[in-house]
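> From the sequence below, what's the structure:
(3 chains)
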Amino acid sequence: MLEVSHLRKVYGPDPSAAPAVADLDFTVGDQEFVCILGSSGCGKTTMLRCLSGLIPFTAGEITLRGKPVTGPPEDMAFVFQDYSRSLLPWMTVRRNIAFPLRYKGVERNDARRATEEALEAVGLADRGDRYPWQLSGGMQQRVAIARALAYRPRILLMDEPFASVDAQTRSGLEDLLLRVKERYGITVLFVTHDIDEAIYLGDRVLVLRPPATVGHAVTVDLPRPRDQVLTKQEPEFARLRGELFAAIDGGSVAA
Amino acid sequence: MSLEGTATVTSAPRGTARANLADTSGSLRRLLGQRWLRDLGLKVSGVLVVLLALEACSRTGLLSRDWFPPITDTYVELFKLAAGQPLWTEIGRTLSGWGLGIALATVLAVPCGILLGSNATAYRMTRVVIEFCRPVPSVALIPLAVLVYGVGLEMKVFLIVFVTFWPILLQVIYGVQDVDPVVRDTARSYGLPAHARFLRVTLPSAAPYIATGLRIASAIALVLAVTAELVVGAPGLGQSIVVAQSNANLPRMYALIIVTGLVGWVINLAFQAIERRLLKWHPSQRQEVAQ
Amino acid sequence: MNRRVLGFLLELALPVAVLVGYGVWASRAQSFYFPPLDEIGRYFGELWLFDRVGSDLVPSLTRMSAGYLASVLVGVSVGLLLGMSRVLRTAAEPVVEFLRALPAPALIPFSLLLFGSGDSSKIFVIVLGAVWPILLNTIDGVRGVDSQQLDMARAYRIPLAARIWRIILPAAGPRIFAGMRTSLAIAIILMVVSEMVASSNGLGYFVLEQQRSFAIPEMWTGIILLGVLGYVLNWLFLRVERRVLAWHFGLKGLAGPATGRTRSAGRSPFGKRRASPSPTPAHSSASSDGEV
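Numbering: from 1, shown residues only, chains lettered A, B, ... in the order given. Sure, this is the predicted structure:
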């Protein structure tokens, strides 16, 4: 689905300066849920911006379904960390979701149907006529997810989407994400700094070390559907957490 | 002590930011220097493009030469004017009305604003009058001013005082009302007497607001001075523009218009500089320095 | 409840006192320049209900609206262009700063040469004065658009035209409106001034003409009408602003446009932007050019 090989990104005109991303390699399979785990400042955001085609990269190759990424690809959607800044406050929730569809060439009726379906999928069917700033933080992030879903992407990039909501809301959003991923059958690349979240959500977890190289990778062998209480009680969950913790810790010491 | 304390705390981040800037390597400085140079080049070429376009329009007859002489003629006239005495006299006349007006308006508006800003009852009593007088188009009063004061300096000063009083007053009111309540309470809890609180807390906090009010007022005052000279013939730059036009001395007319613009520009620059100085401690400035 | 009534009376006390005081003083003093209220009132009824509405008020309002609309169009479109391109912005800076500082009435003679003494010369002067606050605030507003909203738009492959109409312009809306409010006052002033020079109708012409023929009460009716006009237009503008920017006031939790401190630092929008992450400055600090 998504292949990244020898990705390198240096900011500024001087190619010999310290890279934000150095020699990054990984692949994401079709309908796979891959979590990228890293402490702050390890180049996660830069990497995502390269993958989504928002900024050009210095060297290497990114291909999405066999096609090289040079600009924002058509079948990719992006959910940003700061929902309050990526939703448009002058549009209602419904229009926020329908907004990108118009320019994707989706017909009016289809767009309406996709919007309602996405609203229903994130449990906001009755809030379509509100404005984003009239909703709570968790609901706003659900709107951002609904916008991504309605766009019908093949792959969804998420940049620490639940980092700025409270813990209670967060577990609800995690379960919601897992449900809609199944329902829409999409591939997800999920960036987070939270070990538990990465294990709970992912099929695979990649640990990123500065300057953004894959330092460690684990396959999460936990049964689906996952459950906030039961899954986290599995011994395998505890083992993975220990392994990933060591991997991150080792990385930060090495840095 | 508490006040001295706040002063040092606020200036600390600036100090460190400056130190960091000094530490950065030469390459960064070279980059900044280049950018500065490039911007200057852009600005100069922007001006040149406009001037050349005007010159070309006039020379090719796109704009009739009868009423739009080549811009080079205007500049020749401008330098001739600058060398002579009369131009400076006219500038002086315009600026004397401007200066007197602003000074008087400030003397009147600042005490009123401090009173209204620190006394809620007084503010409520006058609110309706202020709200009504503010949007009234000032220039409607020109005929009245001419009736009462004739066409001399007094008329100009009256107009400018009447009009610039409002923006200064409003800024002072906001400034006084906007004093940080924590700072005010601190000053009170340390037992500062009322006049010291006023001089050490209220006035310094309100100073930037007053400076903004003055900058706004200075621009309005110049517009009014020129308008009064232009419409009713009070002596000054505006009147000489009209005279040049009626004598069909167009290069001179355009030269005088340019001079008027330059006067406005210099005034604006000066007041911006004052404002920035007074605002140094303000968070909006600190953020920029820390950048 | 009682307190509110008391507060209301308190706010009305001074205006009433001023009016009554003037009325009493003027009827006693028999001043030539300051006629009593009832006399002004009588003339006001005679002149403006509705004898001279068609001959003076309507032409004035037509010129003003034409000039104001043109200022908004030019200011917003050029502001967009300069706000989005750093090179153009830098190149245009000195010219814009100069023209902005030039008192617009000084251009009346030039405008008369260019257009003659008809409506277009007056409209031209209004535009030359009123366009700057809109232009500068638009530049500031465009530069302040949240980068994440723009990233979002690019990630969802939204075309440039839609990005401008649906994201940049609405986001800059609060700033644009702040500039438009300043410009409204300027447009009214320049309407009056331009009518005082080489004109044969309009409110400015009327007021000056009455003064020249020493028709003092008539002159006062004109001044009062201009005052009312300024007040009403400003009020109308605030209503429109509240409707158009309802999302903004809702977002900021404001009841309506607050008249606050104008522009915190008095810096030209050409300068460096503040590092502050907040996309739109608090509405109260919005105007880039003060309230001329």
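
> which regions of the chain sit below the pLDDT cut-off?
Chain wasn't specified; assuming chain A. Within chain A, the segments meeting pLDDT under 70 span A:212, A:250-255.

> oops, I was thinking of chain C
For chain C (pLDDT under 70), the answer is C:1, C:253-292.

> Domain parsing of it, as residue ranges.
As given by automatic domain parsing, the domain ranges for chain C are C:1-23+C:35-45, C:52-285.

> Mean neighbour count and distance to chain B added to the ones you listed, as a markdown table?
C-beta here means a position set from N, CA and C on the backbone, and glycine is covered the same way. A markdown table is the format used below for the domains of chain C (neighbours: other CB atoms under 10 Å in any protein chain shown; distance: least, CB to the nearest CB, whole Å):
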| stretch | mean neighbour count | distance to chain B |
| --- | --- | --- |
| domain C:1-23+C:35-45 | 13 | 5 |
| domain C:52-285 | 20 | 3 |
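
> Which one of those domains lies nearest to A:Arg112?
domain C:52-285 (17.6 Å; CB to CB).

> what's the offset of the closest one from the middle of its chain?
Per CA atoms, centre = their mean, to the nearest Å, the displacement of domain C:52-285 from the mean C-alpha position of its chain is 6 Å.

> repeat for stretch A:28-46
Stretch A:28-46 sits 8 Å away from the centroid of its parent chain (CA atoms, centre = their mean).

> mind checking the end-to-end distance for that stretch?
End-to-end distance of stretch A:28-46: 18 Å, with CA to CA, to the nearest Å as the criterion.

> Next, see if it gets close to chain C.
No - Stretch A:28-46 lies apart from chain C when judged by CB under 8 Å from any CB of the partner chain; the minimum separation is 10.8 Å.

> what's the answer for stretch A:144-152, then?
Yes - residues of stretch A:144-152 contacting chain C under CB under 8 Å from any CB: A:Tyr151.

> Quick one: distance of that stretch to the chain centre.
That offset, for stretch A:144-152, works out to 12 Å (CA atoms, centre = their mean).

> who's in contact with it?
Contact partners of stretch A:144-152, identified using CB atoms under 8 Å, 6 or more residues apart in numbering or on different chains, comprise A:75, A:77-80, A:83, A:86-87, A:96-101, A:104, A:111, A:114-115, A:117-119, A:121-122, A:124, A:156, A:161, A:173, A:176-177, A:180, A:184, C:156.

> Need the three-state assignment for A:Val4.
Three-state call for A:Val4 (DSSP: H, G, I helix; E, B strand; the rest coil): strand.

> before we move on, the earlier item: please name whichever of the domains of chain C is nearest to A:Val4.
Smallest distance to A:Val4 across the domains of chain C (CB to CB): 17.4 Å, for domain C:52-285.

> Format the domains of chain C as a markdown table; extra columns: distance to A:Gln228.
Shown next, in a markdown table, are the domains of chain C (distance: least, CB to CB, whole Å):
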| stretch | distance to A:Gln228 |
| --- | --- |
| domain C:1-23+C:35-45 | 52 |
| domain C:52-285 | 30 |
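
> out of the contacts of stretch A:144-152, which are buried?
With burial judged by 16 or more other CB atoms under 10 Å in any protein chain shown, the buried subset of those is A:77-80, A:83, A:86-87, A:96-101, A:111, A:114-115, A:118-119, A:121-122, A:124, A:156, A:161, A:173, A:176-177, A:180, A:184, C:156.
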